[in-house]
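A.B. asks: output the structure for:
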Amino acid sequence: MKLYIKYMVSLRCKMLVKSELEKLGLTSISVDLGMVEIKEEITEEQLKIFNKNLKKSGLELLDDKKNILVEKIKAVIVEMIHYSEEVPKVNDSDYISEKLDYDYTYLSNTFSEVKGMTIQQYIILHKMEKVKELLIYDELTLTEIAHKLHYSSVAHLSNQFKKVTGLTPTYFKELKDMRSKNLEDL
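C.D. replies: Next up is the predicted model:
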């Protein structure tokens, strides 16, 4: 059985979680940041005690339903950015809300609580990965990339790319070209 734990960010947290499970007579199979897998089924009473003890140390159990919802949000975003050829006729928030049939505010709050970042930040990170991929393939111009990823302008895309990567798209592309030249010299 897997349990998800909020604010679990260090080795000390992992040791604390393992210790609390042992106090309840439960065996951990694995303890990772944000998640613990236990061998036995946990009773409702054990779950309450475990969560109460975690809260004393600043940790908190997350409901599996929230994690499942976050995974669904992530899947919609990945599909929207990496696999969809059509331009959504609505903004990102409406698109995600319609796909999952939930109010966007609820989705946004749940995502931020579980992931520690906003949906918009997650979208930007994925868009920047897609930009890198498209720049490396060298099949589209920056204008075409901006249009494909729904940016209002090349300048907007370039500014966001620089904020995330520390490089301009042009310089990123030049680095790729320099690496190719260096390989040819071998």
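
A.B. asks: what distance separates the longest helix along the chain from the centre of its chain?
C.D. replies: Once the chain is assigned using DSSP state H, the helix that runs over the most residues is helix 119-137. The gap between the average C-alpha position of helix 119-137 and the chain average comes to 12 Å, counting by CA atoms, centre = their mean, to the nearest Å.

A.B. asks: quick one: buried residues of that helix?
C.D. replies: Residues of helix 119-137 classed as buried: Ile119, Tyr122, Ile123, Ile124, His126, Lys127, Met128, Lys130, Val131, Lys132, Leu134, Leu135 (neighbour count, 16 or more other CB atoms under 10 Å). Yep, even glycine has a C-beta here, placed from its N, CA and C like the rest.

A.B. asks: ditto for stretch 97-107
C.D. replies: Along stretch 97-107, the positions that meet the burial threshold by neighbour count (16+ other CB under 10 Å) are Ser97, Lys99, Leu100, Tyr102, Tyr104, Leu107.

A.B. asks: endpoint to endpoint, it covers what distance?
C.D. replies: Across its full length, stretch 97-107 reaches 8 Å end to end, with CA to CA, to the nearest Å as the criterion.

A.B. asks: contacting residues for the spatially most central residue of the chain?
C.D. replies: With distances taken as CA atoms, centre = their mean, the residue of the chain nearest its centroid is Tyr122 (5.6 Å). Contact analysis of Tyr122 by CB atoms under 8 Å, 6 or more residues apart in numbering lists Lys74, Ile77, Phe111, Lys115.

A.B. asks: how about the second one, secondary structure?
C.D. replies: By that I understand Ile77. Local secondary structure at Ile77 is given as helix here, using DSSP: H, G, I helix; E, B strand; the rest coil.

A.B. asks: fine by me, we can end here.
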